[in-house]
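>>> model this:
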Amino acid sequence: QRPILPSVFLIVGLAGAISIVPACIASARLGSLRALIADMRQVFRDQWHEIRWSLLGVITTEIQNRGYVYIAAAVFGSAAVAQLQAGRILFGPLNLLSGAWARVARPQLAGLIGHADASGFDAILGRAMRGLALFHLLFLAGLWMVWPLLSPLVFHGKYPDLEYLVAAWGIANIAFQCRSCLGIGVQAMRRFRELTMATIAGAAVSLMLTAAACYAGQALWLI
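Numbers count the residues shown, from 1 in each chain. Sure thing, here's the model as predicted:
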């Protein structure tokens, strides 16, 4: 399947390029495309101080969240990566749920910061973390109960002892969601530099723990 990857990357790149065509057409109708580019440059110039920290934070977060895949493939082989990812894939819908919450909560939290309502700010984050953690625990308990039926239907017995990987991912995902809630709160406060420093420290610790797991020969510890 490897020769397909360049085509996939090409299609993704073309899709991104095509997505800006409607905006360019609309701007050409309303005025000059050169004026649109100038406006965009002005926006990025005015916000560059925050953008650079946010961009660095996104990069380090991706290293923290995805870096283990490449390390696992290099050390343990592609079969180990497939098994790790198979255990994680069931929690994709929950990540969509937390992502939807973040889009709604971020402007609301920013408004509370603007009105100096620290108690309301803390209350929303606290309820969100407790709610997402409880929902994940219930989801994990449901998976555990239906696992004898779900495993042969979805995975066809390809991955032995996958239930332990799923349980480990479920517990880890609770930590991920709480971290994400706090991250949204820091973004609403526009403290991008501090958030980036935290993600750099977290990525460094994650890489050290990943190296320890590889040294011990335990792919499960990568979670």
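
>>> contacts and neighbour counts: CA atoms only from here.
Noted.

>>> so where's the chain uncertain?
The model of the chain has pLDDT under 70 over residues 1-3, 27-33.

>>> Geometrically speaking, which residue is the centre of it?
For the chain, the residue lying nearest the average C-alpha position, counting by CA atoms, centre = their mean, turns out to be residue 65 (6.8 Å).

>>> Tell me the spacing between it and residue 194.
Taking CA to CA, to the nearest Å as the measure, residue 65 and residue 194 are separated by 19 Å.

>>> can you check residue 83 too?
According to CA to CA, residue 83 and residue 194 sit 35 Å apart.

>>> what about those two, which has more around it?
Each of residue 83 and residue 194 has its neighbours counted (other CA atoms under 10 Å); residue 83 has more, 18 against 14.

>>> if I pick the spatially closest residue to residue 132 that is not a sequence neighbour, what's in contact with it?
Of all residues not flanking residue 132 in the chain, residue 177 sits nearest, at 7.0 Å (CA to CA, 6 or more residues apart in numbering). Under the criterion of CA atoms under 8 Å, 6 or more residues apart in numbering, the contact list for residue 177 reads 98, 129, 132, 133.

>>> Make a markdown table out of the residues you listed and add secondary structure, neighbour count and distance to residue 6.
Output for the contacts of residue 177, formatted as a markdown table (DSSP: H, G, I helix; E, B strand; the rest coil; neighbours: other CA atoms under 10 Å; distance: CA to CA, whole Å):
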| residue | secondary structure | neighbour count | distance to residue 6 |
| --- | --- | --- | --- |
| 98 | helix | 17 | 31 |
| 129 | helix | 21 | 40 |
| 132 | helix | 20 | 37 |
| 133 | helix | 19 | 39 |
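
>>> Of those, which is the nearest to residue 57?
Each of the contacts of residue 177 was checked against residue 57 using CA to CA; the closest is residue 98, at 19.0 Å.
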